[in-house]
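got a predicted structure plus its sequence, pasted below:
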Amino acid sequence: MPILELKHVSKIYGAGTKALEDVSFAVEEGEFVSVIGPSGAGKSTLLRCINRLVDATQGAVFFDGEDVTGLDKKGLRRVRTKTGMIFQHYNLVERLSVMENVLHGRLGQKGTLAGMIGHYSEEEKVEAFAILEKLGLAEQAYKRCDELSGGQKQRVGIARAIMQRPRLILCDEPIASLDPSSSKVIMDQLKEINQTMKITCILNLHQVDVAMQYSERIIGITAGHVVYDGPASRLDQETIHQIYQSRSGALITDRAERAV
């Protein structure tokens, strides 16, 4: 059974803008998949439909055999504890320390009161520090996040996602705001996490060369449609052109896609 399966997923925003149309694919546990396509093609909406930060208009999303689209709040929270997310703009609490941000990865497993007061066990603190050591951030553990570089902030985001003990990590443009050197560090670490911890990773990427270097499989999206789904080794120039060509009036804007 695939860890993730999308069946005929479509998303239409309020103004009638089609972000996704009849998207279907399955991802096996342990895969490292890159989703590529032009800005506004629907990549971010796709990830957000998987963990229901955005609700699909039609179709179904199955995680570990369970239909996520039909879950109530309690069920959705349970599924989200197994699904980490890494954001382009980090989504950290800047005034808090690195350690506190990483420990936030455990909030989904805690009761309301424990979550509100930020009560964490010694075991959780030791685990968080070990993750920071693995990502080369041990020396920054007690710094405020607003003192860090962009690359360091993204590594904190990765650490927080790992702290959830997830089976799936969704990465929304994780290197878009970083310089080439920092981008390589982030991609190397994500790949290592995938290989050593067997965590399934799905990444949205603008950089085709990076996607081809790190991913066994690539999904290409244009105007909300999947136009390529296959091995990175078979992605040729003709297919890349098909994915990135302009279709007047067909591509949705970033503003519409990120409105939710």
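Done, it's in.

in this structure, where is pLDDT below threshold?
Within the chain, the stretches with pLDDT under 70 are 110-118, 246-260.

the helices in it, which residues?
Counting by DSSP state H, the chain has helices at residues 43-50, 73-80, 98-103, 112-117, 122-134, 150-163, 180-197, 208-214, 237-244, 254-257.

of all these, which one comes closest to M1?
helix 73-80 (15.3 Å; Cβ to Cβ). Every C-beta, even on glycine, is put in place using the N, C-alpha and C of the backbone.

packing partners of the closest one?
Taking 3 or more Cβ pairs under 8 Å, 6 or more residues apart in numbering; DSSP states H and E as contact, there are no helices or strands that helix 73-80 lies on.

how about that helix: buried residues?
Going by neighbour count (16 or more other Cβ atoms under 10 Å), the buried part of helix 73-80 is V79, R80.

list the contacts of it.
With Cβ atoms under 8 Å, 6 or more residues apart in numbering as the test, helix 73-80 has contacts from N51, R52, F63, E66, V68, L71, G108.

quick one on the thing from earlier: among the helices of the chain, which is nearest D172?
D172 lies closest to helix 43-50 among those, at 5.4 Å (Cβ to Cβ).

what angle do that closest one and helix 73-80 make?
Relative orientation of helix 43-50 and helix 73-80, computed by axes from the mean of the first three to the mean of the last three Cα atoms, to 10 degrees: 120 degrees.

what's helix 43-50 packed up against?
By 3+ Cβ pairs under 8 Å, 6+ apart, helix 43-50 packs against strand 4-12, strand 18-27, strand 32-36, strand 58-63, strand 168-172, strand 200-205.

what about 7 Å?
Applying 3 or more Cβ pairs under 7 Å, 6 or more residues apart in numbering; DSSP states H and E, one finds that helix 43-50 contacts strand 4-12, strand 18-27, strand 168-172, strand 200-205.
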